[in-house]
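A.B. asks: I'll drop the sequence and a predicted model, then ask my questions.
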Amino acid sequence: MLTTPLPPLATLQALAALQRDGSLTAAAVRLGVTRSALSHRIADLEAQLGVALVRKNGRRLRLTDEGETLMASLGDSIARIEAAIRPLQRRRLQVRVSTVATFASDWLIPRLVDFHDKHPAIEISVSTTVRVADLATEDVDLAIRHGAGRWDGAIATLLFRETLIPVAAPSLVDARDVQRIWRSATLVHARSRDHDWSIWWQRKGSAAPGGRRLIVENRAQALDAALAGNGIALVDAAYIGPLIAEGRLCALAEKPIRLDDGYYAVHRSTPRNARAVLTFRDWLVATAREFRPQDGVL
């Protein structure tokens, strides 16, 4: 049986837009193309079908009987095709990111406005989890992971090393004697990071004070406890810059200590939407550059 190729969807969209608007200019605006491009699409459709589909009616353009018959036969099929294709096109320009809640809320999300300003066509979808997302089987394009940077079957790019610095609410800090707080304040411990304080005192060469402890579930809660004036929390210096600048927290050490582990952008060697994923990864690395200094960190 002899078959001929079907017309491109773009040519049918052009004719449908012209039918709705009756003007090449208005139809072109609707489709986001130039008036000339729209006219060429309709001409290509007429050439492929071998019939005139448009005629002039004064200053306006109207569909011919053949054009009206074609549009009536198509019904809402063009709209349904567009509805089916649009999510796939959008997914190609979406980067699905997995990370922990603290990193998402205290570092990533406050900075995403800069990414969106620079790359408005790329959509970012952030999900948080305490487990390691499986890039091979889950619908995740890029994960921001904490560790030593070695994950089998994945490419890991360092964002910044983890640091630790003690912070407290200004109400607890005596500006005349900052060290006084250590003799009486409660130390906030996060169960998920129960080794942090031991590392701090070991690196400082000091013994832990014998005061009270407040035990919370994670670092995010420890930061909330510090903000509420419940005691001293040990947090990553990358998370607290705005809080220090706003006067909501005080740093109780001149310098943070740097740990061996860090935060990494991790993705497959061949991402499904490589251009968008690599664009986002490169932005992450550039944005994190200020947190990778060698000076001023123990």
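C.D. replies: Here it is on my side, so go on. Everything numeric in this text was worked out from a predicted model, so none of it was measured.
A.B. asks: out of everything not next to it in sequence, what's closest to residue 37?
C.D. replies: For residue 37, the nearest residue in space outside its immediate sequence neighbours is residue 28; the separation is 7.1 Å by Cβ to Cβ, 6 or more residues apart in numbering. C-beta: built from backbone N, CA, C; applies to glycine.
A.B. asks: let me know the pLDDT of that neighbour.
C.D. replies: As predicted, residue 28 sits at a pLDDT of 86.
A.B. asks: tell me if it really is in a helix.
C.D. replies: Yes. Checked against DSSP: H, G, I helix; E, B strand; the rest coil, residue 28 lies within a helix.
A.B. asks: burial count for it?
C.D. replies: Burial of residue 28 is recorded as 21 neighbouring residues (other Cβ atoms under 10 Å).
A.B. asks: ok, it touching residue 35?
C.D. replies: Yes. Using Cβ atoms under 8 Å, residue 28 is in contact with residue 35, at 4.6 Å.
A.B. asks: re the thing from before, residues touching the residue nearest to residue 37, list them.
C.D. replies: Residues near residue 28 by Cβ atoms under 8 Å, 6 or more residues apart in numbering: 17, 34-35, 37-38.
A.B. asks: likewise for residue 145?
C.D. replies: If a contact means Cβ under 8 Å, 6+ apart, then residue 145 has 99, 132, 151, 156, 263-264, 266 as its contacts.
A.B. asks: do residue 126 as well
C.D. replies: With contacts defined as Cβ under 8 Å, 6+ apart, the neighbours of residue 126 are 97, 99, 104, 108-109.
A.B. asks: find the nearest non-adjacent residue to residue 109, please.
C.D. replies: residue 126 (6.8 Å).
A.B. asks: helix or strand right after the helix or strand the one you found falls within?
C.D. replies: Element membership of residue 126 [criterion: DSSP states H and E] is strand 123-128. Towards the C-terminus, the helix or strand next in line after strand 123-128, according to DSSP H and E, is strand 142-147.
A.B. asks: the helix or strand just after that following strand to strand 142-147, inter-axis angle?
C.D. replies: In the C-terminal direction, the helix or strand that comes right after strand 142-147 (DSSP H and E) is strand 155-168. Taking axes from the mean of the first three to the mean of the last three Cα atoms, to 10 degrees, one finds that strand 155-168 is oriented at 60 degrees with respect to strand 142-147.
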